[in-house]
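Participant: Quick one: sequence plus predicted model below, questions after.
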Amino acid sequence: MTIKQIVEAYLREHNYEGLCNPFNECGCALDDDFMSCDEPLCDCVPARRTIGDAESDLPGEVLMVPAAKSFAMMAKKGDAS
């Protein structure tokens, strides 16, 4: 089993949607370009998808954000359960 397979299995088991590196604004989705950099970095964290709002650098774009931040953003908007 490769590192990529281990990470992918963990993320799926815990209902994450991919990875992101909050320090260099990099992100990858499990069902799209997962770990396409072929360099799992120590700064990568579990992530969820969100849509950039008007305050973000990429309004309307699909973004991968740290899972904890994604939940906080949903809670702020009243979408978290």
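Facilitator: All right, it came through fine.

Participant: which SS class is the residue nearest the centre of the chain?
Facilitator: Note on the chain: the residue nearest the mean C-alpha position is Ala47, at 2.5 Å, using Cα atoms, centre = their mean. Secondary structure, DSSP: H, G, I helix; E, B strand; the rest coil: Ala47 is strand.

Participant: Pretty sure it sits against Phe34.
Facilitator: No: taking contacts as Cβ atoms under 8 Å, Ala47 lies outside contact range of Phe34: 10.9 Å. C-beta: built from backbone N, CA, C; applies to glycine.

Participant: Which residues are in contact with each of those two?
Facilitator: Applying Cβ atoms under 8 Å, 6 or more residues apart in numbering, one finds that Ala47 and Phe34 are jointly contacted by 18-19.

Participant: quick one on the thing from earlier: show me what the residue nearest to the centre of the chain is bridged to.
Facilitator: When bridges are called by DSSP bridges, Ala47 pairs up with Gly18, Pro66.

Participant: That one and Val65: what is the separation?
Facilitator: 6 Å (Cβ to Cβ, to the nearest Å).

Participant: who touches both of those two?
Facilitator: 20, 27.

Participant: quick one: Asn15 from Leu30, how far?
Facilitator: For Asn15, the distance to Leu30 - Cβ to Cβ - is 11 Å.

Participant: low pLDDT regions in this structure?
Facilitator: Along the chain, the parts satisfying pLDDT under 70 run over 38-41, 69-81.

Participant: Buried by neighbour count: which residues of the helix or strand where Val7 lies qualify?
Facilitator: When elements are assigned from DSSP states H and E, Val7 belongs to helix 3-13. Across helix 3-13, burial judged by 16 or more other Cβ atoms under 10 Å covers 7-8, 11.
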